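Asker: Take this sequence and fold it.
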Amino acid sequence: MIRSDRYRAKAVEFRAMAQEETNGRRRLEYEALAQSYLDLARLAERNSQTDIVYETTPLVSKMAGPTGGRS
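Answerer: Just a heads-up that it's a prediction; the model follows:
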């Protein structure tokens, strides 16, 4: 199961818990958690389609001037 599917499954669990909850405050918390997991699923899906390329720049010594520290 891919990550976004796991997040969606967790959202379904929290929605079910919210529907069964009689305490209004807890019900709202379960609904908020369900929504958060749906948001995570969307982000995970988007991130899985993104290729990340890291480009680094060469390090330049702070002590060395343009001649590399030579006089």
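
Asker: show me where this structure has helices.
Answerer: In the chain, the segments counted as helices under DSSP state H are 3-20, 24-48.

Asker: Let me know the distance separating Asn47 from Ile2.
Answerer: From Asn47 over to Ile2 the distance is 11 Å, taken as C-beta to C-beta, to the nearest Å. Using the backbone N, CA and C atoms, a C-beta is placed for each residue, glycine as well.

Asker: Give me the number of neighbouring residues for Ala11.
Answerer: 19 (other C-beta atoms under 10 Å).

Asker: I figured it hits Ala32, correct?
Answerer: No - at 11.0 Å, Ala11 does not count as touching Ala32 under the criterion of C-beta atoms under 8 Å.

Asker: List the residues that are in contact with both of these two.
Answerer: Counting by C-beta atoms under 8 Å, 6 or more residues apart in numbering, no residue touches both Ala11 and Ala32.

Asker: and the helices of the chain as a markdown table, adding distance to Glu55 and mean pLDDT?
Answerer: Putting the helices of the chain into a markdown table (distance: least, C-beta to C-beta, whole Å; pLDDT from 0 to 100) gives the following:
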| stretch | distance to Glu55 | mean pLDDT |
| --- | --- | --- |
| helix 3-20 | 26 | 97 |
| helix 24-48 | 19 | 96 |
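
Asker: Put together JSON lines for those, with distance to Leu59 on each row.
Answerer: Listed next are those as JSON lines, based on distance: least, C-beta to C-beta, whole Å:
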{"stretch": "helix 3-20", "distance to Leu59": "35"}
{"stretch": "helix 24-48", "distance to Leu59": "29"}
